[in-house]
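*Asks:* missing the sequence, but the structure's below:
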């Protein structure tokens, strides 16, 4: 019984680490293309949970079962990170000229 529980915990942690934090992914992938906003990690986390529940992730079906708990666990952590990063996000929104040379294509 303990072996199965340990294996499950290892699989969930591996899926979480392989997926990455939604706050970091939102700031590096989504925001440079769609514009800066506040609490992007929490927004991305909710989108990830929705995609896992609806089966829209680009992974096999069994991965959805592993990733859903990782997304749920990442959501409150991402919200805390987004709260800490809120001053930076607000500055970035209101002073885009300071970051004009750093846009990605």
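*Replies:* Noted; the coordinates are in hand. The structure displayed is predicted, hence computed values, not measured ones. Numbers count the residues shown, from 1 in each chain.

*Asks:* From here on, just use CA atoms for contacts and neighbour counts.
*Replies:* OK.

*Asks:* Angles on the backbone of residue 95, please.
*Replies:* Dihedral pair for residue 95: phi -130, psi 60, per degrees, to the nearest 10.

*Asks:* how close does residue 79 get to residue 22?
*Replies:* As judged by Cα to Cα, to the nearest Å, residue 79 and residue 22 stand 10 Å apart.

*Asks:* which residues do those two both contact?
*Replies:* Both residue 79 and residue 22 are in contact with 41-42, where contact means Cα atoms under 8 Å, 6 or more residues apart in numbering.

*Asks:* more neighbours, those two?
*Replies:* More neighbours surround residue 22 than the other of residue 79 and residue 22, with 25 against 19 (other Cα atoms under 10 Å).

*Asks:* contacting residues around the more buried one?
*Replies:* 41-42, 44-45, 74-75, 78.

*Asks:* rerun that using 10 Å as the cut-off
*Replies:* Counting by Cα atoms under 10 Å, 6 or more residues apart in numbering, residue 22 touches 28, 40-48, 71, 74-75, 77-79, 81.

*Asks:* how many other residues sit next to the closest residue to residue 41 other than its chain neighbours?
*Replies:* Excluding the flanking residues, the one nearest residue 41 by Cα to Cα, 6 or more residues apart in numbering is residue 23, at 3.5 Å. Residues near residue 23, counting by other Cα under 10 Å, number 24.

*Asks:* quick one: residue 23 and residue 10, what's the gap?
*Replies:* 22 Å.

*Asks:* Could you report the pLDDT at residue 13?
*Replies:* At residue 13, the model reports a pLDDT of 67.

*Asks:* do the same with residue 63
*Replies:* Residue 63 is given a pLDDT of 82.

*Asks:* contacting residues around residue 64?
*Replies:* 15, 49, 51-58, 70.

*Asks:* Ranking helices and strands of the chain by mean pLDDT, which lands last?
*Replies:* helix 2-19 (a mean of 71; mean pLDDT, DSSP states H and E).

*Asks:* could you point out which element follows that helix?
*Replies:* The helix or strand immediately downstream of helix 2-19 is helix 22-25, counting by DSSP states H and E.
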